[in-house]
Structures are given as structure tokens and as C-alpha cells.
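Trainee: Kindly return the folded structure for what I paste below:
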Amino acid sequence: MTDVAHPAHEPVHEPEAIADHFRSVDSAPADYAVDRPASGTNGFLITFVGISILAMCGRMFLAHSDVLDAPKDLVLLSEGRGDVQFPLRMFLVIFFLTYALRAYSNLWRRLYLALSLLGKFLAFCVVVDTVAWALHNAGIISISVFGVQMISGLLALAIFPHTVLRQAQLPPQGPLPLAPRIPPAAFFALAGCLVLASAGAVIALHAFGHVVDVLKDWAILGGLGAGVFLMQQILAASTAVLGVRALNKSRRHQFTAPLAILVPAHNEAHSIADTIASVDTGAETYPDRIHLYVVDNASTDTTHHVAESAIADCTHITGEVLECPTPGKAHALNMGLEHIREEFVVRIDADTMIGPGCLDTAMRHFANPNVGCVGGIPMPARHETWIDKCRLVEVYMRHGFFQVSLDGYQGVMGIPGMFAVYRRKPVLRVGGMVQGMNGEDTDICMRLAAAGYHNVADYQAVYYSETPASYAHLREQRTRWFRSIYHLAARNRAILLDRRTMIGTFVLPFNLVNAARRAMLAPLLIYAAIAGFAFHSTFTSMRWQPIVATLLGMSMIMTVIVCLIWQPSSVKYIPAYLCFRVLRSYFTLAAVLTLIYPPMHPRLPDTIPIARSRRRQPRRAGG
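Mentor: Now for the predicted structure:
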């Protein structure tokens, strides 16, 4: 992997022009999300801080009175197994309570949501503490207080998405032709890497204990625990090696076929000509026929005229402009899929430019008849603003490392719709592009996987995509992206924990847990600052290193390594990217606060039909 060249066709528009077009018509689907302003997220954080301070003041009052010997955290039966360094369980209780208070619904639903989250979490805590106490007293094993806190923390990361999926108003289960199969090689690849990662972490902790202690003191290891961090990074690195090997093997095949380029466009007059020109340039080295279909999706600008003029200037492709009067990208895509006749369809966003050889590289993977979708790596078109620079590092980590690791065991869950190549007939067979929810690009990949195909993400298929030109654009984009995990999990709930699919067995559950972790990151840092500074006399044994390691630590080391492999000069953007990760947590929290919970009546059961709940809009809560 080396420095990636900039696109041959630089955009001719100014960033100010993009700001007028940034909002997607699919930003907040009316049935499953509310377009909640920033005050909703800020109100959550203010409420969270207020409850945190009240809880810590109450604990300090009880500790200095003779009323009750208040514990530093909500841990039972902890005698002889260490002390509390950080009040993690109290944080989780406050987070769950605050989320329920700020959820978008009526009072009764919020009360029920709070009881569900807190009831499940506290019940699990009692079970974990009781089992740990019994094992300790029986002399079998002694699980430290820190250990039971970490176990309950991991359980909380599962409780949160489980409760959201059960109670929020989310898409119903879609058509899912279940004919999945996990190739034995993929299963053994993941299982082998898990064993390697676990063994490597255990060996490192025992054989290099002194080194591990030094790394903990420097906040390189910590957070959920040194073993968890080491295992996670070893697993990602080992599966990435397998992914590179699998991609190299698949890329050696020769395969071409007539291509349909499908470009949905809504008010894209400012960028559509650049996209069409890049397709024409990319077609110069592609040995088969290419026909371009631009679907003008209810545009109110000159998109149709600009697209027709750009197609007329092409020398290597033919093309046409179709009209789709119904707003919504999925409507435009489905209309295009029904219209075209080519077997392979390349979906490209109207602000995307493909790199040289991108089409040829992607098509090679279809020599395997079990491949249903192929994508590439979405490089930012420029490196000028702080958003561009953070996005560059994010692309290297997300698409140049983690997505490659998923290739190692056929676990690629989604291909970004900015550039994706599909087999057209299987896409139509599984129902086409879903409408009225976020994440339609990942949804189609998940349903292809359920039909027995697998997805490939090749980092050598390079394309260039527009990055947000403003903070408002960034917030809208990321809120939409991060909300999609709940829409996707609900629509594809049949494959969740289905052992016949790699996505259902491992990838989708991991993404749900990771989404919960990311939503909690910014509140966790705020909570740690309150406990460590304002209430330091109460939490005297609290150390700053595990908290800092949650944000930095091994993940920062891996970021440096990945950037050095891809483009050494990008290392200078890593400090900005680490700050961006906190902002990304803020947007993830904002996304989950935009979910709609159907209102409850105190004398009605919880099972309110979604169709009934839509007839009256829930009262806005907290902005």
C-alpha cells in the first residue's frame, strides 16, 4: 500500500456550493426517525451531568454520615476481592436513566424504557456478583471487583441495543430468502484467529508482565482491560493478513462483462459532470461495453441538463438520463434496476469519481459465482479542511484495515453505496433496494448474504468521494449513518445470531455492541472528569490511565501503523482524528436519540402496533 494519487478530474465546484446540497432526502425517514436538533443531544449531556453530580453528592453525603456505609460503586459481596477504582456501574445506571428520560416518546414509554434498561442491568449485576462471591468462597477462582465490573459493562453493551430493538419503532422484518452458508474455510479462519488472539493476549500478559505494567502506566493498555485490548488488536491484525491474502488470490482472476453504471442524482448539478467524466475515463481501460444511466430523482436544479451534456461529451461510454419523480434514493435505484438489462450494475453516487482501473479491479472478483457485491475504498477527494484530514485517517482505518480484516473470513456486512458493483438478478430476487429507512446499501448486502452470496471490499478499487463541507453536513451525514445500524438490525432480525451466516453470527452483533460503546464514549469521558476532579476525595484510588487508554492506547498505536503502511504523511492528522473520535461518539449518541418510541398508555400493554402509533405523533421530548 502506497500513497494514493488524487483523482484525475478535480471537481470544478466550490465548497460553498456543496453546502446548499448536502441534505439527503432520506436523512430522517418519517416512520422511524425524527429530525431532532442538536439541543436534543446537548440536553442529554446536561441532564447526564446533573444526575451524575447529584449521585456523587448523595454518595459522599452517605459516606460521611452514620446512615449507611455507601459503596463506591454498585458492587455486592465484594469483600476480599479488591477495591473499586472507577464507579463504572454507577455510570451505566446514570447513562441508561438519562437516555430513558431524553428518549423521543411520551412519559409512560420513557418510564417503561427506564425500568427495562435498569431492571435488566441490575438483575445481571446481582447474578454476576453472586456467582463471583460463590466461586471466591468455594476457592475455585477469585474474580476481582474490577473483573465483575468489566463483565457487567460488557453485558450493558448488549442490553442497550437489545432494549432499543425491542421497544423503538423500527422497520419490520423484510423479505429474507434464507439460503445462507458459511464456508468451512471462513469459519476456521475466524476461529483460528480468535484462538491465536486469545493465546497471544494471555502469553503477553504472563510472559511480559513488567512491560504490560509499564504500558498501563503510559495509558497504552487499559480501558476494558489489557487482555481485551491486546486480543482485539491481534484478532484484527491476523484477520487482516488473511484478508489481504484472499483479495490477492481473488484479484488474479480475469473477468469482464457488459456493465450498467447507475447514478441516482437529486440536485447534483454541481458535481454530476465530474462523476460522468470520471466514469468515461475509467472506461478507457475496461475491455467490455459500458452504458451509463443517470436517474434524475425529483431534482429542482439543472441536474438533467448537465448530465445530458456530460454524457454527450463522453468518448468511451454511452448513456441516458431517466426521470424518477418520487423523491428518495431507493426509489431512483429500483427504477434504474428495473430499466436496465445488463447483468452487472455499478452503483455510483453523483458526488463520486472512480479512479483508474477501479472497474477492472472490482469486476475480477465476480469470477467467483458466490460473490454478490464488490466495493472499494472511498478516498476523500481533497485534504484541505479538518474534516477532510480526519476522514482520510478514518478511511485508512475503516476501509483500509478493518474492512480488509472482514474479507479474511467473508464477514463484510456492507458495501458503501458511493461505489458498489452488484449482480443485478440476485438483487431483484431479494427484493431490491429498501425504501423509507437508513442504510439501504448495507441492507442489500445483508440480504445477498442471506441468499448465499458474500461481499468483497477491495482496497485496490480506489474511488474518490465528496466529504462534508461544513459541520452541519457532517452532523447530518453521521447521524444518518449511525442510526442505520438499528434500522438494519431490525429489518434483518432473522439473521441476528443465525449460525448459518457469518454476519449474523459475529459481525452484526459486534456492530450493535460497538454502536452502544461509541454512544457511551463521550458521556464516559465527561463522567470520568467529574469523578476524577470534582470528587477526587471520594474516588481516591481512581487512575487516569485506563480512561485515557479508552480513547488512545492500543487503538492509537494501530492507527499509526495503518497510516504508515498507507501514507506516512497522514500520521500528522492522527491527533485531529483522535479528537474526531469523540465528536463521532457525540453523533452516535445523537443518532440513537432520534429513534422514535411509540407512546404508551398506563393501562395498555407494551405491544402497541406500529400502524396505530403512527396516527398520532409522539410529543417532542427535549428538543
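
Trainee: Residue 369 - how many residues pack around it?
Mentor: By other Cβ atoms under 10 Å, 8 other residues sit near residue 369. C-betas here are computed from N, CA, C, even on glycine.

Trainee: Also residue 564?
Mentor: For residue 564, the neighbour count with other Cβ under 10 Å is 14.

Trainee: Could you pull up the residues touching it?
Mentor: Shown in contact with residue 564 (Cβ atoms under 8 Å, 6 or more residues apart in numbering): residue 571.

Trainee: helix/strand/coil for it?
Mentor: With DSSP: H, G, I helix; E, B strand; the rest coil as the basis, residue 564 sits in helix.

Trainee: State the distance from it to residue 400.
Mentor: Taking Cβ to Cβ, to the nearest Å as the measure, residue 564 falls 12 Å from residue 400.

Trainee: check contacts around residue 333.
Mentor: 262, 264, 295, 347, 432-433, 440.

Trainee: pLDDT weak spots in the stretch 1-150 of the chain?
Mentor: Along the stretch 1-150 of the chain, segments meeting pLDDT under 70 span 1-26, 63-71.

Trainee: Quick one: the strands in it, in order.
Mentor: Taking DSSP state E, counting those that start in this stretch as the criterion, the stretch 1-150 of the chain carries no strands.

Trainee: those helices in it, which residues are they?
Mentor: In the stretch 1-150 of the chain, the helices defined using DSSP state H, counting those that start in this stretch lie at 15-19, 38-63, 88-102, 107-137, 145-167.

Trainee: and the angle from the longest one to helix 88-102?
Mentor: For helix 107-137 against helix 88-102, the angle between stretch directions is 170 degrees (axes from the mean of the first three to the mean of the last three Cα atoms, to 10 degrees).

Trainee: Packing partners of helix 107-137?
Mentor: Where contact means 3 or more Cβ pairs under 8 Å, 6 or more residues apart in numbering; DSSP states H and E, helix 107-137 is packed against helix 88-102, helix 145-167.

Trainee: Please work out which of those is packed deepest.
Mentor: helix 88-102 (a mean of 22; mean count of other Cβ atoms under 10 Å).

Trainee: can you list contacts of it?
Mentor: By Cβ under 8 Å, 6+ apart, the residues outside helix 88-102 that reach it are 40, 43-44, 47-48, 51-52, 55, 59, 73-75, 110-111, 113-114, 117-118, 121-122, 125, 149-150, 152-153, 156, 160, 520, 523-524, 527, 592-593, 621-622.

Trainee: what do you get if the cut-off is 7 Å, keeping everything else the same?
Mentor: 40, 43-44, 47-48, 51-52, 55, 73-75, 110, 113-114, 117-118, 121, 125, 149, 152-153, 156, 520, 523-524, 527, 593, 621-622 (Cβ atoms under 7 Å, 6 or more residues apart in numbering).

Trainee: how much space between the closest residue in space to residue 596 that isn't next to it in sequence and residue 34?
Mentor: Once flanking residues are discounted, residue 596 sits nearest to residue 169: 4.5 Å by Cβ to Cβ, 6 or more residues apart in numbering. Relative to residue 34, residue 169 is positioned 10 Å away (criterion: Cβ to Cβ).

Trainee: Quick check: neighbours shared by those two?
Mentor: With contacts defined as Cβ under 7 Å, 6+ apart, the residues shared by residue 169 and residue 34 are residue 596.

Trainee: can I get the helices and strands packed on helix 107-137 in a markdown table with distance to residue 536?
Mentor: As requested, the helices and strands packed on helix 107-137 are exported to a markdown table (distance: least, Cβ to Cβ, whole Å):
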| stretch | distance to residue 536 |
| --- | --- |
| helix 88-102 | 16 |
| helix 145-167 | 19 |
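
Trainee: so which of those comes closest to residue 241?
Mentor: helix 145-167 (26.8 Å; Cβ to Cβ).

Trainee: Next, the angle helix 88-102 makes with that closest one.
Mentor: Interaxial angle of helix 145-167 relative to helix 88-102 (the same axes, to 10 degrees): 20 degrees.

Trainee: if we can go back for a sec, please name whichever of the helices of the stretch 1-150 of the chain is nearest to residue 361.
Mentor: helix 15-19 (28.0 Å).

Trainee: Any figure for the gap between the residue nearest the centre of the chain and residue 521?
Mentor: Against the mean C-alpha coordinate of the chain, by Cα atoms, centre = their mean, the closest residue is residue 482 at 5.7 Å. According to Cβ to Cβ, residue 482 and residue 521 sit 12 Å apart.

Trainee: nearest to residue 395, of the contacts of residue 333?
Mentor: Looking across the contacts of residue 333 and measuring by Cβ to Cβ, the closest to residue 395 is residue 347, at 18.8 Å.

Trainee: Partner strands of the host helix or strand of that closest one and their direction?
Mentor: Element membership for residue 347 (DSSP states H and E) is strand 344-348. Within its sheet, strand 344-348 is paired with strand 259-265 (parallel), strand 419-423 (antiparallel), according to DSSP bridges.

Trainee: following it, which helix or strand comes up?
Mentor: Strand 344-348 is succeeded, C-terminally, by strand 352-354 (DSSP H and E).

Trainee: other SSEs contacting that next one?
Mentor: Here strand 352-354 touches helix 272-283, strand 454-465, going by 3 or more Cβ pairs under 7 Å, 6 or more residues apart in numbering; DSSP states H and E.

Trainee: Quick check: neighbours of it in the sheet, parallel or antiparallel?
Mentor: If you go by DSSP bridges, strand 352-354 pairs up with strand 454-465 (antiparallel).

Trainee: which is the next helix or strand following the strand it pairs with?
Mentor: Going down the chain from strand 454-465, the next helix or strand is helix 471-491, by DSSP H and E.

Trainee: could you give the mean pLDDT of the helix or strand following that following helix?
Mentor: Following helix 471-491 in sequence order, the next helix or strand is helix 502 (DSSP H and E). In this model, helix 502 has a mean pLDDT of 89.

Trainee: And the contacts of helix 502?
Mentor: With contact meaning Cβ under 7 Å, 6+ apart, helix 502 is reached by 182, 186, 409-411.

Trainee: ok, 8 Å please
Mentor: With Cβ under 8 Å, 6+ apart as the test, helix 502 has contacts from 182, 186-187, 190, 409-411, 449, 454.
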